[in-house]
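1. with the input below, show me the fold.
(chains A and B)
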Amino acid sequence: GNSVTQMEGPVTLSEEAFLTINCTYTATGYPSLFWYVQYPGEGLQLLLKATKADDKGSNKGFEATYRKETTSFHLEKGSVQVSDSAVYFCAPDTGRRALTFGSGTRLQVQP
Amino acid sequence: KAGVTQTPRYLIKTRGQQVTLSCSPISGHRSVSWYQQTPGQGLQFLFEYFSETQRNKGNFPGRFSGRQFSNSRSEMNVSTLELGDSALYLCASSQGGGEDTQYFGPGTRLTVL
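-> This is a model prediction of the structure:
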């Protein structure tokens, strides 16, 4: 079955620091890849997606590139803000609307 | 366009009871998926409904069931509640084709005492 490995958190950064959250996956075929974010007490919000190899998803300054050869979809942001503090989830979808989520990476941004 | 809505937002039940949670998808979306989120197991897929039919099911016991109505609204039911069923239950809607994007609701926080 599908599986996702995310870097363990919490990741603690100062405001304006560079962010990388690693994600690697195993899946059948070539899934669409998603990053979701969960703020305290809320559901999941779609952050970005990529549907094929070498696609780059981007949103709100976050970027991730679909790397088929390394089965990775690392999340990056050039300058984090306190408001980015949340839990980030990587998830592949092989087309059955059954997302497989990683364990989540908690990001804490300090002013 | 209104997002995915879930009711109730919070629920407290006791062991042995049953519970029904409701999810209204984004207008025009025909697929509804349900997920359970717990600190120990993380986010796990429960099942997916499309056009009133269950299309996909995760690895949960039969106490967990669901249904979908003709207007695409969905309910999930948990019977004979156990302490371990305490969780955040999230539903997500999508148009239902291929690898389309799922949009999540705010969740229902279920506490079993």
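2. for B:Ser24, give the beta-bridge partners.
-> Under the criterion DSSP bridges, B:Ser24 forms beta bridges with B:Thr5.
3. pLDDT weak spots in the chain?
-> Went with chain A since none was named. A:95 (pLDDT under 70).
4. you looked at the wrong chain, it should be chain B
-> Chain B contains residues with pLDDT under 70 at B:98-99.
5. got the residues of it near chain A?
-> With the criterion set to CB under 8 Å from any CB of the partner chain, chain B comes near chain A through B:4, B:6, B:31, B:33, B:35, B:42-45, B:48, B:50, B:55-56, B:58, B:90, B:92, B:94, B:96, B:98-107. (Each C-beta comes from the backbone N, C-alpha and C, glycine too.)
6. quick one, which of these are buried?
-> The neighbour-count test (16 or more other CB atoms under 10 Å in any protein chain shown) marks B:4, B:6, B:31, B:33, B:35, B:43-45, B:48, B:50, B:55, B:90, B:92, B:94, B:96, B:99-100, B:102-107 as buried among the residues of chain B next to chain A.
7. what's near enough to touch residue 104?
-> If you meant another chain, say so; for now it's chain A. Taking CB atoms under 8 Å, 6 or more residues apart in numbering or on different chains as the criterion, A:Gly104 is in contact with A:6, A:9, A:38, A:87-89, B:42-43.
8. that was the other one, I meant chain B.
-> If a contact means CB under 8 Å, 6+ apart, then B:Phe104 has A:36, A:43-46, B:4, B:90-92 as its contacts.
9. bridged to the residue most central in space within chain B, which residues?
-> Closest residue to the average C-alpha location of chain B: B:Trp34 at 3.3 Å, with CA atoms, centre = their mean. Counting by DSSP bridges, B:Trp34 is bridged to B:Phe47, B:Cys91.
10. that one touches B:Val78, doesn't it?
-> No: the pair B:Trp34 and B:Val78 does not pass the contact test of CB atoms under 8 Å, sitting 10.6 Å apart.
11. A:Gly78: what's it in contact with?
-> Shown in contact with A:Gly78 (CB under 8 Å, 6+ apart): A:18, A:61.
12. state the distance from it to chain B.
-> Noted for A:Gly78: a distance of 25 Å to chain B, by CB to the nearest CB, to the nearest Å.
13. check A:Gln81 too.
-> From A:Gln81 to chain B the distance is 23 Å (CB to the nearest CB).
14. what is the neighbour count of that residue?
-> The burial count assigned to A:Gln81 is 13, neighbours taken as other CB atoms under 10 Å in any protein chain shown.
15. tell me which element the closest residue to A:Asp84 other than its chain neighbours falls in.
-> Nearest residue to A:Asp84, sequence neighbours excluded (CB to CB, 6 or more residues apart in numbering or on different chains): A:Val109, at 5.5 Å. Assessed by DSSP states H and E, A:Val109 sits inside strand A:105-110.
16. name the residues of that strand that come out as buried.
-> Neighbour count says strand A:105-110 has A:105, A:107, A:109 buried, by 16+ other CB under 10 Å.
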